[in-house]
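Novice: Sequence and predicted model, in that order:
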Amino acid sequence: MLIPMRYCGREFTEKEMDLIHSLIATGVNRQKLSRMFCEEVNWRKPDGGVKEMSCKVAFLKMHRDGHIILPAPTKPANNHLKKPKATLFTLPPEVAPEVGALDLSLVDIRTSALWNDYIERYHYLGYAPLPGAQLRYFVKSHGQTLALLGFSAAAWKVAPRDEFIGWDAATRKKNRPEADVPRRSVSRCSVEPPSRTGPASERAPSASSSARTNTTVEWPSGSSFKFVMI
């Protein structure tokens, strides 16, 4: 075994590997194991919460590589099979009224299922859980939902991206949390903007610009970092 080992952007020292083995020996389940380890070594996200999900992924990779033996899962891994909860919503018209000012409404616990259901029904890729920290929006005008937008944390490694913006390994590790990635967007309606005609996609730059402004303002409410790149 090569020490330290790197998983999920973190190096695990020999002392930490011994800690993992000792925690496994206590008989805790996988969820408690990752939480206990994060708390013990103070592995935390920028908002101060423990990096439980990253820890779970790291431990699973260690298990598959033969470095540790995890306890049996208490329930099957089925996140890839999950579908959004069906909701009752008013079907948006094929042609909406004249569009005025665009309003971006932040998705919360009350509207999350509705946003997911819209994406499942109207996005060509369907619904999939967004990775990491995220913000989702309804784009509305005159109370009518015209489009949906979703942003989430950037991927660990994307060679073309890293080369284009000049990130080496050290820079990527430092700056990746400050990069936001648009993950899902959908527009169903054709609209008639004031003083011009065309599909809703012609209004997308305005909605996207508003969303970029909003993410830089609203994201810090759940995190301690500020975006420098979208």
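Specialist: Okay, I see it. None of the values given here were measured: they were computed from a predicted structure.
Novice: Only alpha carbons, please: show the strand ranked longest in the chain as PDB.
Specialist: In terms of residue count, the longest strand belonging to the chain (DSSP state E) is strand 144-153. C-alpha atoms of strand 144-153 as PDB (Å, rounded to 0.1, in the frame of the first residue of the first chain):
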ATOM      1  CA  GLN A 144     -46.000  32.100 -15.800                       C
ATOM      2  CA  THR A 145     -43.100  29.700 -15.700                       C
ATOM      3  CA  LEU A 146     -41.100  30.000 -18.900                       C
ATOM      4  CA  ALA A 147     -37.900  28.200 -18.200                       C
ATOM      5  CA  LEU A 148     -35.800  26.300 -15.600                       C
ATOM      6  CA  LEU A 149     -32.100  26.800 -14.700                       C
ATOM      7  CA  GLY A 150     -29.800  24.700 -12.500                       C
ATOM      8  CA  PHE A 151     -26.300  25.300 -11.300                       C
ATOM      9  CA  SER A 152     -24.000  23.000  -9.300                       C
ATOM     10  CA  ALA A 153     -20.400  22.400  -8.200                       C
END
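Novice: ok, that strand: who's next to it in the sheet?
Specialist: strand 134-141 (antiparallel), strand 180-187 (antiparallel) (DSSP bridges).
Novice: Check the ones you listed for me: which has the lowest mean pLDDT.
Specialist: In terms of mean pLDDT, the lowest-scoring of the strands paired with strand 144-153 is strand 180-187 (a mean of 58).
Novice: Tell me where this protein has helices.
Specialist: Taking DSSP state H, the helices of the chain run over residues 14-25, 30-41, 52-64, 112-122, 159-165, 169-175, 204-218.
Novice: Nearest to Leu104, out of these?
Specialist: If you check each of the helices of the chain against Leu104 by C-beta to C-beta, helix 204-218 wins as the nearest, at 5.3 Å. All C-beta spots, glycine's among them, are computed from the backbone N, C-alpha and C.
Novice: pLDDT (mean, whole number) over that closest one?
Specialist: 55.
Novice: ok, back up a step: mean pLDDT lowest for which of the helices of the chain?
Specialist: Among these, helix 204-218 carries the lowest mean pLDDT, a mean of 55.
Novice: TSV for the helices of the chain, including distance to Lys140 and mean neighbour count?
Specialist: Putting the helices of the chain into TSV (distance: least, C-beta to C-beta, whole Å; neighbours: other C-beta atoms under 10 Å) gives the following:
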stretch	distance to Lys140	mean neighbour count
helix 14-25	48	14
helix 30-41	38	18
helix 52-64	31	18
helix 112-122	12	19
helix 159-165	31	11
helix 169-175	33	12
helix 204-218	10	16
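Novice: Perfect, I'm done here.
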